[in-house]
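Colleague: need a structure here:
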Amino acid sequence: MREAWSCAIALGAAWLLAAASASAASDDEMAQMQKQLNAQVMSRPFTVEDQAKIDAYVEDAMKKDIKPPTEPPPHWLPGYTCMDLWRYAYDEYRDCFYYHRYYGHYWR
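Modeller: Have a look, this model is predicted:
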């Protein structure tokens, strides 16, 4: 029984060493790919979609008498306004505008 455990431990250690050496070889490639991705993301400024589209969405939803989500989005914190959500998700930002317009206050 001990021999089986020793063999399993030896095989596990050999596998870990092989995985570590393969990982070290690809770390440079991964770092380079990450740098390229960061450069691509940072080269374009993030902006919320056209405010006119949000206003049109709100008007259309109010005409259809669709109620906005009553639960705040996951990124919502007390004291936030809609502007605090634009950095997280467009849908959260848009729904915040709709909720505020519909109810006249922010989520509590």
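
Colleague: For the helix or strand harbouring Asn38, the averaged confidence score.
Modeller: If you go by DSSP states H and E, Asn38 is part of helix 2-43. With pLDDT averaged residue by residue, helix 2-43 scores 66.

Colleague: roughly how far is the helix or strand that it is followed by from the heart of the chain?
Modeller: Sequence-wise, the next helix or strand downstream of helix 2-43 (DSSP H and E) is helix 51-63. Taking C-alpha atoms, centre = their mean, to the nearest Å, the mean C-alpha location of helix 51-63 is offset from the chain mean by 25 Å.

Colleague: Return helix 51-63 as CSV; C-alpha atoms alone will do.
Modeller: Taking C-alpha atoms only, helix 51-63 is exported to CSV below (Å, rounded to 0.1, in the frame of the first residue of the first chain):
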residue,chain,number,x,y,z
GLN,A,51,-27.8,59.8,-24.3
ALA,A,52,-30.5,60.3,-27.0
LYS,A,53,-30.8,56.5,-27.3
ILE,A,54,-31.3,56.2,-23.5
ASP,A,55,-33.9,59.0,-23.6
ALA,A,56,-35.7,57.2,-26.4
TYR,A,57,-35.6,53.9,-24.5
VAL,A,58,-37.0,55.6,-21.4
GLU,A,59,-39.8,57.3,-23.4
ASP,A,60,-40.7,54.1,-25.3
ALA,A,61,-40.8,52.1,-22.0
MET,A,62,-43.0,54.7,-20.3
LYS,A,63,-45.4,54.7,-23.2
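
Colleague: Show me what it is packed against.
Modeller: Packed against helix 51-63, as judged by 3 or more C-beta pairs under 8 Å, 6 or more residues apart in numbering; DSSP states H and E, are the following elements: helix 90-103. For glycine as for every other residue, the C-beta is placed from the backbone atoms N, C-alpha and C.

Colleague: Give me the most central residue, this protein.
Modeller: Central residue check for the chain by C-alpha atoms, centre = their mean: the C-alpha nearest the mean position is that of Tyr88, 6.9 Å away.
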